[in-house]
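S.K.: Kindly return the folded structure for what I paste below:
(2 chains, ligands or ions: 2)
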Amino acid sequence: MNGQDIRRIEQFLYREARLADEHDYDGWESLWTDDGLYWVPAGGDDIDPTTRMSIVYDNRRRISTRIKQFHTGKRHTQIPASRLRRVVSNVEILGAEGAETTVEANFVLVESRERGKEIWAGRYTYRLREVDGELRMAYKKVALVDNARVVPTMSFLI
Amino acid sequence: MTTTIAERYDALIEPERVHGSLYTSPEIFADELEQIWYRTWVYVGHVSEIAQPNDYVRKTIGPQDVVMTRGADGEVHLLLNRCAHRGNLVCEADAGNSSSFRCPYHGWTYRNTGDLVGYPFPQGYGGRGKLDELGLGRVPRVAVYQGFVFGSFAPDGPSLAEHLGEAAGELDRLVRLSPQGEVEITAGFLKHRARANWKLLAENETDGYHPQFVHQSIFSVAESGIGALYGEKSTAVTRDLGGGHSENDLRPEFRRLAAPMGWFGTTEKKVPHYVAAMRERHGDAAEEILVEGAPHVMIFPNLFIAEIQLFTIQPLAADLTVQHVTAIGLKGAPEMNTRMLQQSIGSVGPAGLLLADDTEMYERNQAGVAELRPEWLDIRRGVGRESVDERGLTIGGATDETAMRGFWRHYKRLMTTDRVAAGTAAGTPR
Ligand code: FES
Ligand SMILES: [Fe+2]
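M.R.: Ligands and ions are numbered 1, 2, ... in the order given. Below is the predicted model:
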């Protein structure tokens, strides 16, 4: 990939955002590579997740468990599902290594639930990989602006 | 006034039901701060969070911002984060290492024991050393058990040992799981907000009736043995430990299964170094420890140990609570600690596969309790099948509300006897 692919990368990020916003769990899961890693740090953006608590630190297998849990229809925090819409912006390609491109973007997300409205914001870091001619996520990190503070339940796909 | 405060709580708390206003009334919440949070022993933090001399970490007792410090001499202090001059916060960082705190407003400086050591331009006060009586507020009593630091705003009263009573044995059981006999709290905390009353959290921690329903979604997709522990056929028991403390004693089930490390859902083959280190330390006793595993204990009013996780319940308002949660580390057991951390991250906090659903229940409960009718919450489950164990403690079945009844008995005692006079040190004006 090179700089000309920014449009393609943006399209991928927007699609990922829409699938998450609309709780299209299977569609979202299909964007991952087989070795994907989904990480939402806590208490800072650059903690060591092997020694410190994170909000989410899912290997590919746990991503799959998370998705299966939604499908049971008994994941109470998502019954009814949060109404979500996010804006993804400031997309930048930060580098490429081998088959992977590192991309960052800002996001703002509004969540509406019976308990009230939450605003979530932060910076996404992706590592995207070309698999059989398609882009896939090998890594998605979500650095919440609030990750060192008190956070309400966040059981949707962020 | 026709009724005393004591009579008021008598009318709200019955052995088998409690009144909904206990969860919603701001006046009762203010009263709880005085009678419970600013009076009884409250868990604050763990010594491993301030391992080195002059380490400090910001903590809380209810809404109060407390700095837990270790003096140069190694002693643990609990200081209130409020300058004695004009009230500014003296400690802004979450944690660090410093022998003193300097207030950013006018530069007054305090030792990490709370003493005032200096103030700029001392001539305004007639010279140096004129304000010796001023210092940071202190939590008057600090006591440590098995590395767990507790504070009490009451200058005297029951000792920590008296407060912990039978619950102390559960902390003993926990530290035994470390090959060095100590736990470590070093993984940092998730801070999860619940728009709910703190007592809903405390009551739920040893409620064995809900897991099958609230956590069915995760039990059904992850191979987990937890569900069966809280079923009709489980031989586990709920125990009222007295003093408001309670536990789900899962040992009968684990003993029946007789599988070392089964309590952690794993086998000895997966953690060979840990098992070897435990056998080395404990000799023959290791087999029992490895089978029985960790406690599941709620220590009144705010410390919950759920096997491998530590929760602190922090009340902020009648309908607002923060759950601070982290993975417990076992000193000398890196192999276990990696697993316990990853399992904890998956389970707890805002996105946890388990705890997010509990929090959803607390919030729905809070919304429901605010409805006018019916006014009472029922806690009679298992009343007819309780018994007394060899220690003289009341036990119920795995799914019984024995723990809640014990919680409320203690709560009522604290709220009705020896009422604190208005205007105590940490008091909110009444
Ligand atoms: S308020 Fe702290 S020095 Fe004045
Ligand atoms: Fe639960």
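S.K.: going forward, measure contacts and count neighbours with C-alpha atoms only.
M.R.: Will do.
S.K.: could you pull out the strands for the stretch 201-350 of chain B?
M.R.: B:237-242, B:245-249, B:296-299, B:303-306, B:309-317, B:320-327, B:329-330 (DSSP state E, counting those that start in this stretch).
S.K.: Over to chain A?
M.R.: A:32-41, A:54-59, A:83-97, A:100-113, A:116-131, A:134-144 (DSSP state E).
S.K.: Go through those and name the closest to residue B:219.
M.R.: Nearest to residue B:219 among the strands of chain A is strand A:54-59 (17.6 Å), distances taken as C-alpha to C-alpha.
S.K.: could you check whether the closest one is close to chain B?
M.R.: Yes - Strand A:54-59 comes into contact with chain B (C-alpha under 8 Å from any C-alpha of the partner chain), by way of A:54-58.
S.K.: cool, stretch A:134-154 as well?
M.R.: Yes - using C-alpha under 8 Å from any C-alpha, stretch A:134-154 reaches chain B at A:149-154.
S.K.: Next, the distance between the ends of that stretch.
M.R.: Counting by C-alpha to C-alpha, to the nearest Å, the length from the leading to the trailing residue of stretch A:134-154 is 29 Å.
S.K.: Just the buried residues of it, please?
M.R.: A:135-144, A:147-154 (16 or more other C-alpha atoms under 10 Å in any protein chain shown).
S.K.: now it: how far from the chain's centre is it?
M.R.: Between the centre of stretch A:134-154 and the centre of its host chain there is 6 Å, according to C-alpha atoms, centre = their mean, to the nearest Å.
S.K.: Low-confidence stretches in chain A?
M.R.: A:1-4 (pLDDT under 70).
S.K.: For it, which residue gets nearest to ligand 1?
M.R.: Proximity of chain A to ligand 1 (C-alpha to the nearest ligand atom) peaks at residue A:149, 24.7 Å away.
S.K.: Am I right that that residue is in contact with residue A:43?
M.R.: Yes - when contacts are counted by C-alpha atoms under 8 Å, residue A:149 is listed as touching residue A:43 (7.4 Å).
S.K.: how about the nearest residue to residue B:317, chain neighbours excluded?
M.R.: Sequence neighbours aside, residue B:29 is the residue nearest to residue B:317 in space, at 6.8 Å (criterion: C-alpha to C-alpha, 6 or more residues apart in numbering or on different chains).
S.K.: Which residues are in contact with the one you found?
M.R.: Shown in contact with residue B:29 (C-alpha atoms under 8 Å, 6 or more residues apart in numbering or on different chains): B:22, B:317-318.
S.K.: Could you check the angle the top helix by length along chain A makes with strand A:100-113?
M.R.: Counting residues, the longest helix found in chain A (DSSP state H) is helix A:6-21. With axes from the mean of the first three to the mean of the last three C-alpha atoms, to 10 degrees applied, the angle from helix A:6-21 to strand A:100-113 works out at 30 degrees.
S.K.: And chain B, is helix A:6-21 touching that?
M.R.: No - between helix A:6-21 and chain B, judged by C-alpha under 8 Å from any C-alpha, nothing touches; the nearest distance is 14.6 Å.
S.K.: how distant is that helix from the center of its chain?
M.R.: Offset of helix A:6-21 from its chain centre (C-alpha atoms, centre = their mean): 11 Å.
S.K.: Likewise for stretch A:36-49?
M.R.: On C-alpha atoms, centre = their mean, the centre of stretch A:36-49 falls 12 Å from that of its chain.
S.K.: hmm, who's touching it?
M.R.: Outside stretch A:36-49, the residues touching it (C-alpha under 8 Å, 6+ apart) are A:53-60, A:63, A:137-144, A:147-149, B:188-190.
S.K.: Skip the chain neighbours and tell me the closest residue to residue 138.
M.R.: The chain I'm using is chain A. Distances taken as C-alpha to C-alpha, 6+ apart place residue A:36 nearest to residue A:138, at 4.3 Å, with adjacent residues excluded.
S.K.: nope, chain B
M.R.: In space, residue B:138 is closest to residue B:79, 4.5 Å off (C-alpha to C-alpha, 6+ apart).
S.K.: The one you found contacts residue B:66, correct?
M.R.: Yes - using C-alpha under 8 Å, residue B:79 is in contact with residue B:66, at 5.5 Å.
S.K.: which parts of chain B sit against ligand 1?
M.R.: Selection of chain B residues close to ligand 1 by C-alpha under 6 Å from any ligand atom yields B:83, B:85-88, B:103, B:105-108.
S.K.: Who wins on neighbours among those?
M.R.: residue B:83 (26 neighbours; other C-alpha atoms under 10 Å in any protein chain shown).
S.K.: Is the residue nearest to residue B:138 in a helix, a strand, or coil?
M.R.: Under DSSP: H, G, I helix; E, B strand; the rest coil, residue B:79 falls in the strand class.
S.K.: how close does residue B:373 get to chain A?
M.R.: 21 Å (C-alpha to the nearest C-alpha, to the nearest Å).
S.K.: now swap in residue B:6 and tell me
M.R.: For residue B:6, the distance to chain A - C-alpha to the nearest C-alpha - is 34 Å.
S.K.: Residue B:414 is in contact with that residue, correct?
M.R.: No - using C-alpha under 8 Å, residue B:6 makes no contact with residue B:414, being 9.9 Å away.
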